[in-house]
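here's a sequence, model it:
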Amino acid sequence: MVWCLSLAILSLIISQGADGRGKPEVVSVVGRAGESAVLGCDLLPSTGRPPLHVIEWLRFGFLLPIFIKFGLYSPRIDPDYVGRVRLQKGASLQIEGLRAEDQGWYECRVLFLDQHSPEDDSANGSWVHLTVNSPPQFLETPPQVLEVRELEPITLRCVARGSPQPRVTWKLRGQDLGQGQGPVQVRNGTLWIRRVERGSSGVYICQASSTEGSATHATQLLVLGPPVIVVPPKNSTVNASQDVSLACRAEAYPANLTYSWFQDSINVFHISRLQSRVRILVDGSLRLQAAQPEDAGRYTCVPSNGLPRPPSASAYLTVLYPAQVTAMPPETPLPVGMRGIIRCPVRANPPLLFVSWTKDGQALHLDKFPGWSQGPEGSLIIALGNEDALGEYSCTPYNSFGTAGPSPVTRVLLKAPPAFLERPKEDYFQEVGRELLIPCSARGDPPPTISWAKVGRGLQGQAQLDSNSSLILRPLTKEAHGRWVCTASNAVAQVATSTNVYVLGTSPHVVTNVSVVPLPKGANVSWEPGFDGGYLQRFSVWYTPLAKRPDRAHHDWVSLAVPVGAAHLLVPGLQPHTQYQFSVLAQNKLGSGPFSEIVLSAPEGLPTTPAAPRLPPTEMPPPLSPPRGLVAVRTPRGVLLHWDPPELVPESLDGYILEGRQSSQGWEVLDRAVAGTEMHLLVPGLIKDVLYEFRLVAFAGSYVSDPSNTANVSTSGLEVYPSRTQLPGLLPQPVLAGVVGGVCFLGVAVLVSVLAACLMNRRRAARRRRKRLLRQDPPLIFSGKSASHSAPGSGSPDSVVKLKLQGSPVPSLRQSLLWGEPAGPPSPPPDPPPSRGPLPLEPISRGPDGRFVMGPIVETPQERAALPGAVVGAGTTPEPPYTALADWTLKERLLPSLLPAAPRGSLTSQSSGRGSASFLRPPSTAPSAGGSYLSPAPGDTSSWASGPERWPRREHVVTVSKRRNTSVDENYEWDSEFPGDMELLETLHLGLAGPRPRLEAEPELGAKTPEEGCLLNTAHAPGPEARCAALREEFLAFRRRRDAARARLPAYRQPVPHPEQATLL
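Numbering: from 1, shown residues only. Predicted structure coming up:
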């Protein structure tokens, strides 16, 4: 403002001079600060004594003159100029000690007191401009030391003055700081830093310079922040038992640094094995003595000065040592019947080379155990856990540094793997909102743990497990639909089973695998439907162009209905070379499901695939690699082979060829037609206790691969084998000879059986012919043999008289029995002895063991003496002989005329043993086939031995012994197999059918008529004919009495049909 006013006044003065009234001259004086300058003024006359006058020096901008001199009086001087101004050479003013503020306009006036006129006032004076040149000088500077926190802004202001005006610049480390945009800016001498960083620290220099010189000012900027690591640690590799040092050096302000070291995020002084062997030096380095294998790992250096976010730097320490076993468990469980692993926990640096195993103190040879192998980490893999795996094992690892020794012994135990006791069903269907319980339980040793998981996206909060490990879905939601897996796991194995849950009564699920095939002006959309929710679902295809139409701000989706049951749709009418979005929506009666994922496609026409370039004739096609990873596993059904397909297949794989051999024999082709899609094959029919080797060869077109690796398997210990072998070429010669011999022996046995059957048939036919011829021979009769009896009163079966069959010496007896006529001339019957009456049948009964017994008969000594064949001794009582038929069972086919209404013969069960006392059995409650002449009368439902009122028990027992033919069936056979019984019954039947005298009245059962008494008295006649005749007459008399009794019973008046009955005893 002052300068503007000075210029205005100066211009006014100049304009006045231009009017012609005066021409004051403008004088410019230049001086340096601190020096002197003379402001000239020539208003006084140069010659002569000037008149009385007053000298004034005025400065533009001051109200009063800065210097006034009148005569000899002391001058009046402005306080800012006191001591620095004086007159020199007339009216000129000399200013000493110039200052920068002395620069300006000065006016010299001389007032003549005796010649003063108002008109001359304007012209009495001259203007002088004083310019004071000075070097730059700072008016404002920042402090010499400045502290600022990291990431904070800062402003450094530096203001300087001088003549001419100085220029202010900023420098850092000798480099001028930028003047424009950026994190550091300099404007009008002011430095501005937007964010102070660690690199912003340093000495900033402000420099003001002009033609008169320059001035500088330095400010040190200290950034308060965490330390900065200038020497980080480096990776190191040492051998075991060597010392190692890791360097770490940092800088920071403030510089109160402390260093901390960590191994894998744990302070080294908190690790017991490192406390006595580590030291942290003053410069931050870590010193580790006697490195051990456990010391290997990542070490981290962390310097700190108390400010947040301290930095860190890491390095890896590698310790080289021989291979060693870390912790071998004392027991290793293996699953029974499943794949198991015996682990060898090894650590080694350099890496592990191999592991050797011992079993029960002996070196383990894996080739002797089929299916056993060794994993890459040295573990022992057992294909099938059985008793062969039991024992004590030890492993010894090796690397390039050697080994630290064998491991402790681990004992292998066989444990039951998890086995499902209750599996979930394959599918579950349940309505939404209800409860679904899916059972799953398993057993094992140790008991397994049951867990459930949903395949795909999990279900949170709705799946629960009850105490039986069953899955409970309560309430059942749509998200529960899908596949669920139940896993049972214990220390030895893990098994899993799965089930599908279908939630009914929901909207359809989203469709999957949407595919769009572009076509000319169209697209073919296909998809896989999701679950319909229990109702019929329909689909619709939605599409729209990807780019928005210019006339519309939103997309227009177009939907096309899909025919029912279809999972694809052809979308026509699309613009070629235009990108479209496609989505599929499913709907049912309950609503719409979610849209499928959006698929982009452009109908640019059918995709064309360029033809594959043909190989030059000199190039060979890639070879066919062999099958990989052939493994043989023993199963109860045979040996199961598993392999992986070849890596290189020039064409489609046609199949495999299976080859096998025993021990070191030659290879033989076992199967030439293994499909190329197969990766496992069951080989049945192997021989026990034989070592087999198998290998595979792949073929594709005209290419045949090399053989695969050899899989060894031994059949020792297997318990179940197929009944026939499918490897006849692999059978050893002794086994083959045994098989052929067995087949030949079987053929000979069949031939001998056929011949024996033919021979038996011929013999049976011969016996039948002899039976027909024997009808003309003398019949068989019963002859009694006396034996010593037991003590009186004893009813033991040991005191019996056995009857044997013998040939009759009279040839004419059979004819007389059959036809009731004598063979020769008729002879009168002998007279019965008077002392002998008819033979009673009432005393005959069955004993407790089922035999026929006869009680004692009270007779006189004369009667006993009159019996034929009686033996009378001194002191003994003569025993009369008695004859009876054993097992006298009448068949329906034998006596049809006697009992037309009786049932057929009973089939009785016979014991297979031959040691039974008797083959006679008590009769069943049903009436037998005609009964026996020793049996109760038909219709009598009471027991035949119900008491003494029926058949009184006697002291003497007569037992009939015979041989039974049980060759046909030992369980059921007809009782009347004895040929003597059959022939005698037929004879009696024919005799009864012949003419006989008609009785006038039927006597009572048990009463004997005089005729019967006469017939029975014939038994006293000597000779076998008489005894047979007496027996015949006795039987006929009994039959007449029984028929008479039946006629009086109502049950026998009408014939009642009885079905054939089989009695099982």
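
hey, let's count contacts and neighbours off CA atoms from now on
Fine.

following the longest strand belonging to the chain, which helix or strand comes up?
The residue-count maximum for a strand in the chain (DSSP state E) belongs to strand 213-231. Going down the chain from strand 213-231, the next helix or strand is strand 236-239, by DSSP states H and E.

name the residues of that next one that come out as buried.
Of all the residues in strand 236-239, those buried under the rule 16 or more other CA atoms under 10 Å are 238, 239.

burial count for the closest residue to residue 436 other than its chain neighbours?
Nearest residue to residue 436 in three dimensions, chain neighbours excluded: residue 473, at 5.2 Å (CA to CA, 6 or more residues apart in numbering). Residue 473 has 19 neighbouring residues, counting by other CA atoms under 10 Å.

so what's residue 473 up against?
Counting by CA atoms under 8 Å, 6 or more residues apart in numbering, residue 473 makes contact with 435, 436, 437, 462, 463, 464, 480.

can you tell me which of those residues are buried?
436, 463, 480.

any idea how far the last one is from residue 497?
Residue 480 sits 17 Å away from residue 497 when distances are taken as CA to CA, to the nearest Å.

re earlier: buried residues, the longest strand of the chain. List them.
Using 16+ other CA under 10 Å as the test for burial, strand 213-231 gives 214-229.

is it true that residue 435 touches residue 480?
No: between residue 435 and residue 480 there is no contact under CA atoms under 8 Å: 11.4 Å.

narrow the buried ones among the contacts of residue 473 to those in strands?
Going by DSSP E, the strands hold 436, 463 from those.

what's across from residue 259 in the sheet?
residue 303 (DSSP bridges).

contacting residues for it?
With contact set as CA under 8 Å, 6+ apart, residue 259 has these partners: 280, 284, 301, 302, 303, 304.

now swap in residue 57 and tell me
65, 66, 67, 68, 93, 106, 107, 108, 109 are the contacts of residue 57 under CA under 8 Å, 6+ apart.

and what about it, helix, strand or coil?
strand (DSSP: H, G, I helix; E, B strand; the rest coil).

confidence score at it?
On pLDDT, residue 57 comes in at 91.

now residue 155
Residue 155 is given a pLDDT of 92.

what sits up against the one helix or strand it maps to?
Per DSSP H and E, residue 155 falls inside strand 154-157. Defining contact as CA under 8 Å, 6+ apart, one finds that strand 154-157 is touched by 140, 141, 142, 148, 189, 190, 191, 192, 193, 194, 195, 196.

what's the first one in contact with, if anything?
The neighbours of residue 140, taking CA under 8 Å, 6+ apart as the test, are 157, 158, 159, 160.

do you know how far it is from residue 206?
Separation of residue 140 from residue 206 (CA to CA): 11 Å.

looking at this, residue 502 is in a helix?
No: Residue 502 is assigned strand when assessed by three-state DSSP, not a helix.

any idea how many residues pack against it?
21.

kindly report the same for residue 160.
23.

so what are the sheet partners of the helix or strand where it lies and their directions?
Here residue 160 sits within strand 159-163, counting by DSSP H and E. Using DSSP bridges, the strands paired with strand 159-163 are strand 126-140 (antiparallel).

for the strand it pairs with, buried residues please.
126-138.

which residue in these has the weakest pLDDT?
Comparing those by pLDDT, residue 126 comes last, at 82.

who does that one bridge with?
On the basis of DSSP bridges, residue 126 is bridged to residue 108.

pLDDT weak spots in the stretch 651-800 of the chain?
Where the stretch 651-800 of the chain drops to pLDDT under 70, the residues are 663-664, 717-733, 775-800.

switch to 50 and redo it
Within the stretch 651-800 of the chain, the stretches with pLDDT under 50 are 720-730, 777-800.

show me where it has strands.
655-662, 668-675, 680-683, 691-700, 703-704, 711-714, 780-784, 800-807 (DSSP state E, counting those that start in this stretch).

on that earlier part again, who touches both of residue 140 and residue 206?
In contact with both residue 140 and residue 206: residue 158, using CA under 8 Å, 6+ apart.

now do the same contact list for the residue lying closest to residue 222 once chain neighbours are set aside.
Closest residue to residue 222 apart from its sequence neighbours, by CA to CA, 6+ apart: residue 147 at 4.7 Å. Each residue near residue 147 by CA under 8 Å, 6+ apart is listed here: 221, 222, 223, 224.
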